[in-house]
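In: what follows is a protein structure lacking sequence information:
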């Protein structure tokens, strides 16, 4: 029950007033269950758990919902191929910065650097029929396996946002939302 309580903490409640009310309601209900040490699920409890998904939406889900509301769709497989062929992707987080050099023949060379270090790796990339950018490295970063992302256009210096769909989660981007700059 304690894990359930953490999932309905205000951090995971979304901005809209309707959702905030239900998040508070669920939190109070869970606190009452913890205090009474009873797992008896009443009608109120049942309804709360049905509404639980509203409060537990991830940042990634919220991002995609916002994009859809704004009429912004992820790139298609053809648009991903056109964008990434012979292009460079740059990104950074609190731990490191990186560049990926994507050639038209499906090869990628990655470089990451941080205070006091640098790492290089080679791999392959592709766009898939379900409109995802996928890449896999074969050296130091091979432990990550293949990772696939939806690619959304963005405004500003970082002109695209990657939303992770499959593969191991990056420690630098635990929510799976990665702003990147793609240039030729």
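Out: Yes, it's here. Note that the structure is predicted; figures quoted are calculated from it, not measured.

In: please make it C-alpha for all contacts and neighbour counts, starting now.
Out: OK.

In: and the protein, what are its domains?
Out: 2-57, 77-183 (automatic domain parsing).

In: of the ones you listed, which shows the lowest average pLDDT?
Out: Ranked by mean pLDDT, these bottom out at domain 2-57, which scores a mean of 43.

In: what comes up buried for stretch 132-150?
Out: For stretch 132-150, the neighbour count (16 or more other C-alpha atoms under 10 Å) marks 132, 133, 134, 135, 136, 137, 146, 147, 148, 149, 150 as buried.

In: in strands, which of those appear?
Out: If you go by DSSP state E, these have 133, 134, 135, 136, 137, 147, 148, 149, 150 in strands.

In: tell me the one of these nearest residue 119?
Out: residue 137 (12.2 Å; C-alpha to C-alpha).

In: surely that closest one touches residue 121?
Out: Yes - contact status for residue 137 versus residue 121: in contact at 6.5 Å, counting by C-alpha atoms under 8 Å.

In: so what strands line up beside whatever helix or strand residue 113 lives in?
Out: For residue 113, the host element (DSSP states H and E) is strand 107-114. Within its sheet, strand 107-114 is paired with strand 97-102 (antiparallel), strand 117-127 (antiparallel), according to DSSP bridges.

In: closest to residue 71 out of those?
Out: Closest among the strands paired with strand 107-114, using C-alpha to C-alpha: strand 117-127, at 22.2 Å.

In: ok, residues contacting the closest one?
Out: Applying C-alpha atoms under 8 Å, 6 or more residues apart in numbering, the contact partners of strand 117-127 are 77-78, 80-81, 102, 106-113, 133-141.

In: switch to 7 Å and redo it
Out: Outside strand 117-127, the residues within contact range by C-alpha atoms under 7 Å, 6 or more residues apart in numbering are 77, 80-81, 106-113, 133-141.

In: check stretch 139-146 too.
Out: 121, 122, 134, 135, 136, 167, 168.

In: give me the phi and psi for the closest residue in space to the last one that isn't next to it in sequence.
Out: Going back to what we said before, that points to residue 168. Closest residue to residue 168 apart from its sequence neighbours, by C-alpha to C-alpha, 6 or more residues apart in numbering: residue 144 at 5.6 Å. Dihedral angles of residue 144 (phi, psi; degrees, to the nearest 10) stand at phi -80, psi -20.

In: quick one: residue 144 from residue 138, how far?
Out: Distance, residue 144 to residue 138, using C-alpha to C-alpha, to the nearest Å: 9 Å.

In: residue 124 too?
Out: 8 Å.

In: same question, residue 156
Out: 32 Å.

In: what's residue 180 sitting at in phi/psi?
Out: Main-chain dihedrals, residue 180, degrees, to the nearest 10: phi -140, psi 160.

In: specify the beta-bridge partners of it.
Out: Beta-bridge pairing for residue 180 (DSSP bridges): residue 160.
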